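Undergrad: just need the structure, nothing else, for what follows:
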Amino acid sequence: MEAIEKDVHSFILNEFLPGEDPAELTASTPLITGGILDSITTLKLVVFLEEHFGITVEAHEAGVEHLDSIRQIAELVAEKKAA
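TA: Here you go, the predicted model:
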């Protein structure tokens, strides 16, 4: 799961927070409720997850319950990869 978190962390930093201090983005930083991700950037994140990890994120999973932190995202990806 650590490798998933690292990949997602890098993607979010590069795509949505260029120039930000990487240490400021932790596994528990709120992404949607904290205003880092909006509907368009959440969609971009879902496309990345699907392409990079070879999974399918269902519409009901593309919300704050599953994508509000890097840890939640990694758990979702790990679950899907294990299934």
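Undergrad: C-alpha from now on. contacts and neighbour counts both.
TA: Fine.
Undergrad: count the residues that sit near E61.
TA: E61 has 14 neighbours, counted by other C-alpha atoms under 10 Å.
Undergrad: once you drop chain neighbours, what's closest to it?
TA: Leaving aside its chain neighbours, E61 sits nearest to L67 (7.8 Å; criterion: C-alpha to C-alpha, 6 or more residues apart in numbering).
Undergrad: any idea how far the nearest residue to E50 once chain neighbours are set aside lies from L25?
TA: With C-alpha to C-alpha, 6+ apart as the criterion, E50 has its nearest non-adjacent residue at 5.5 Å, and that residue is T56. To L25, T56 is 25 Å away according to C-alpha to C-alpha, to the nearest Å.
Undergrad: for the residue nearest to E50, helix, strand, or coil?
TA: Following DSSP: H, G, I helix; E, B strand; the rest coil, T56 is assigned to coil.
Undergrad: is it true that it touches V47?
TA: No: if you go by C-alpha atoms under 8 Å, T56 and V47 don't touch, sitting 9.0 Å apart.
Undergrad: now the helices for the chain?
TA: In the chain, the segments counted as helices under DSSP state H are 2-16, 39-53, 64-67, 70-82.
Undergrad: show me the one of those that comes nearest T29.
TA: Ranking the helices of the chain by proximity to T29 (C-alpha to C-alpha) places helix 70-82 first, at 7.3 Å.
Undergrad: which strands or helices does the closest one pack on?
TA: If you count contacts as 3 or more C-alpha pairs under 8 Å, 6 or more residues apart in numbering; DSSP states H and E, helix 70-82 packs onto helix 2-16, helix 39-53, helix 64-67.
Undergrad: at 7 Å instead, please
TA: On a contact count with 3 or more C-alpha pairs under 7 Å, 6 or more residues apart in numbering; DSSP states H and E, helix 70-82 meets helix 2-16, helix 64-67.
Undergrad: deepest of those helices, which one?
TA: Sort the helices and strands packed on helix 70-82 by mean neighbour count, taking mean count of other C-alpha atoms under 10 Å, and helix 64-67 sits at the top with a mean of 17.
Undergrad: rewinding a little: can the helices and strands packed on helix 70-82 go into CSV with extra columns for distance to D38 and mean pLDDT?
TA: As requested, the helices and strands packed on helix 70-82 are exported to CSV (distance: least, C-alpha to C-alpha, whole Å; pLDDT from 0 to 100):
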stretch, distance to D38, mean pLDDT
helix 2-16, 10, 98
helix 64-67, 11, 98
